[in-house]
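> Need coordinates for the below:
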Amino acid sequence: MKGRFPLSSCALLISALFASHYVLAETSTYSASEKAIKIAQETIIVDGHIDVPYRVKEKWVDVTKATQDGDFDYPRAVSGGLNAPFMSIYVPASLDNSPESTQLAHELIDSVEAIVARAPDKFAIAKSPSDVKAQFEKGLISLPMGMENGSPIQGDLANLTAFYERGIRYITLAHSQANHISDSSYDLRRKWKGLSPFGKTLVGEMNNIGIMLDISHVSDDAFYQVIELTKVPVIASHSSLRRFTPGFERNMDDEMIKKLGENGGVIMINFGSSFVSKEAGKWRSGLTAARKALVEKEGEDSPKLENFEENYRKEVPYPYSTLDEVLDHIDHVVKLIGVDHVGIGSDYDGVGDSLPIGLKDVASFPNLVQGLLDRGYSRTDIEKILSGNLLRVWQQVEEYAEEHAEDHAEGYSEDHAAEH
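Numbering: from 1, shown residues only. Purely as a prediction, here's the structure:
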């Protein structure tokens, strides 16, 4: 039988009970049927963005075992059926234009390799779609890697090659500020009015080497310039829809999504509540305004700033989004450009205590499957959303790079023969 391991009736029951331990513990609102759990267990699930590497840098924990905090560990991943989470090699914008950004990226890749080294019976690095598929059949959780923020490239294509060789298979061109590659959706200065000259060169080089272009975080102008330049489909590894969060440029609007569809790309829906609902975004703005008012009144040394967000939440409860609202985002993409262009980019371990009711950690994927079933999605379409669409794009990017390499080699051979 297709899947991580053959599921006899007894094994399926055990899996269902194990999943329910996590799924039902988080909320009584959502629960997954045996059918949903079976689909989750038998299907490759690719999550486009999980911030485990930076999480374990900030506070080390062994995610090969059960952990008390965070959103990801091995037991919960097995419970939820998650078997191909992209590990985010996240480099803060504060390190842009410094050698430290490159150093940190390598250190975070080291940490992913260390996870595999501690538990080679549980995890394996994945550098290609074929790796993911082969490791799935062996019952291993694949750990492909994507770099969040292109700053570590430092304008040197030798760094691009080095990161490719280490396993980086997508690069989010910018993060919260403009860097040497691209403007950021969060940075109002619009330094480059889209991509920098180097950024435009980098698009072609990423195509040629086989690294997916990730347009999450970049400005709208940068997005359209990437779409114009790229020869292969692109991804938004962890973005949601601006239709549901008006004014939040970090999400994509309908016209961008249509362009993404024409490109053949995939938008991978972010679960963070502020990406999903406008209410959560308004709450965050209220928190920022309240903190600013306190600083203006009492200064940066005010003792009231300690645990400020925790205390603010007591006064103004956080408006968590829901699984149903996440499904609304998926539905809207499908309505606009079809089921072949949407995936999952949860941002687990990256969005803090803002995850939706019903999707609190990586054990929750059966809930997502149940929601898709309830909305009438076929198993074939669910498999596309869970992994098929992203694996298709990754395969296309890989094939383009291979063809380019062959063409280059043929051209070199002809030139060399002509010289002699």
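> I'd like the distance from the longest strand along the chain to the chain centre, please.
Longest strand in the chain, counting residues (DSSP state E): strand 84-90. Taking C-alpha atoms, centre = their mean, to the nearest Å, one finds the center of strand 84-90 at 7 Å from the center of the full chain.
> And the strands in the stretch 151-300 of the chain, which stretches?
168-172, 212-214, 235-236, 266-269 (DSSP state E, counting those that start in this stretch).
> May I see these organised as CSV, with distance to Lys259, mean pLDDT and mean neighbour count added?
(Each C-beta comes from the backbone N, C-alpha and C, glycine too.) Putting these into CSV (distance: least, C-beta to C-beta, whole Å; pLDDT from 0 to 100; neighbours: other C-beta atoms under 10 Å) gives the following:
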stretch, distance to Lys259, mean pLDDT, mean neighbour count
strand 168-172, 18, 98, 25
strand 212-214, 13, 99, 29
strand 235-236, 11, 98, 30
strand 266-269, 11, 98, 30
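> now those as a markdown table including distance to Leu391?
Formatted as a markdown table, the strands of the stretch 151-300 of the chain follow (distance: least, C-beta to C-beta, whole Å):
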| stretch | distance to Leu391 |
| --- | --- |
| strand 168-172 | 11 |
| strand 212-214 | 11 |
| strand 235-236 | 11 |
| strand 266-269 | 10 |
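> Any idea which of those gets closest to Gly299?
Gly299 lies closest to strand 168-172 among the strands of the stretch 151-300 of the chain, at 36.0 Å (C-beta to C-beta).
> Adjacent strands (with direction) for that closest one?
Here strand 168-172 has these sheet partners by DSSP bridges: strand 145-148 (parallel), strand 212-214 (parallel).
> could I get those as CSV with distance to Val132?
Formatted as CSV, these follow (distance: least, C-beta to C-beta, whole Å):
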stretch, distance to Val132
strand 145-148, 12
strand 212-214, 14
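> and of the ones you listed, who's closest to Val234?
Of all those, strand 212-214 sits nearest to Val234, with 4.3 Å by C-beta to C-beta.
> For the closest one, which outside residues touch it?
Applying C-beta atoms under 8 Å, 6 or more residues apart in numbering, the external contacts of strand 212-214 come out as 146, 148, 169-173, 203, 206-207, 226, 230, 232, 234-237, 393-394, 397.
> switch to 6 Å and redo it
Outside strand 212-214, the residues that touch it by C-beta atoms under 6 Å, 6 or more residues apart in numbering are Tyr170, Thr172, Met206, Val226, Thr230, Val234, Ile235, Ser237, Val397.
> Go ahead and confirm the second one touches Ile211.
No - under the criterion of C-beta atoms under 6 Å, Thr172 is not in contact with Ile211, lying 11.1 Å apart.
> now the angle between strand 84-90 and the helix or strand encompassing Ile115, please.
Taking DSSP states H and E as the criterion, Ile115 maps to helix 99-118. For helix 99-118 against strand 84-90, the angle by axes from the mean of the first three to the mean of the last three C-alpha atoms, to 10 degrees is 150 degrees.
> on that earlier part again, just list what the longest strand of the chain packs against, helices and strands only.
Applying 3 or more C-beta pairs under 6 Å, 6 or more residues apart in numbering; DSSP states H and E, we find strand 84-90 packed against strand 46-50, helix 52-58, helix 99-118, strand 145-148.
> Export that strand to PDB, keeping only CA atoms.
Only the C-alpha atoms of strand 84-90 are listed here, as PDB (Å, rounded to 0.1, in the frame of the first residue of the first chain):
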ATOM      1  CA  ALA A  84       8.400  16.600   4.000                       C
ATOM      2  CA  PRO A  85       8.600  19.900   6.000                       C
ATOM      3  CA  PHE A  86      10.800  22.500   4.400                       C
ATOM      4  CA  MET A  87      13.200  23.700   7.100                       C
ATOM      5  CA  SER A  88      13.500  27.400   7.000                       C
ATOM      6  CA  ILE A  89      17.100  28.700   7.000                       C
ATOM      7  CA  TYR A  90      16.000  32.100   8.300                       C
END
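> Partner strands of it and their direction?
Note on strand 84-90: by DSSP bridges, its sheet partners are strand 46-50 (parallel), strand 145-148 (parallel).
> Deepest-packed of those, please.
Among these, strand 46-50 has the highest mean neighbour count (mean count of other C-beta atoms under 10 Å), at a mean of 29.
> Give me the local confidence score for the closest residue to Glu383 other than its chain neighbours.
Counting by C-beta to C-beta, 6 or more residues apart in numbering, Glu383 lies nearest to Thr43, which is 5.2 Å off, once chain neighbours are set aside. As predicted, Thr43 sits at a pLDDT of 98.
> low pLDDT regions in the protein?
Residues of the chain that meet the criterion pLDDT under 70 lie in 1-28, 406-420.
> so what's the residue minimising distance to the centre of it up against?
For the chain, the residue nearest the mean C-alpha position is His49 (2.1 Å; C-alpha atoms, centre = their mean). Contacts for His49 (C-beta under 6 Å, 6+ apart) come out as Phe86, Ser88, Ser237, His238, Gly345, Asp347.
> Pull up the gap between it and Ala289, please.
29 Å (C-beta to C-beta, to the nearest Å).
> Also Ser321?
21 Å.
> same deal with Phe308?
From Phe308 over to Ala289 (counting by C-beta to C-beta), the distance is 12 Å.
> what about those two, which has more around it?
The neighbour comparison of Phe308 against Ala289 (other C-beta atoms under 10 Å) goes to Phe308, with 15 against 10.
> and which of the contacts of His49 is nearest Glu165?
Of all these, Glu165 sits closest to Phe86, with 17.6 Å by C-beta to C-beta.
> what's across from the closest residue in space to that closest one that isn't next to it in sequence in the sheet?
Once flanking residues are discounted, Phe86 sits nearest to Gly146: 4.7 Å by C-beta to C-beta, 6+ apart. For Gly146, the beta-bridge partners are Ser88, Tyr170 (DSSP bridges).
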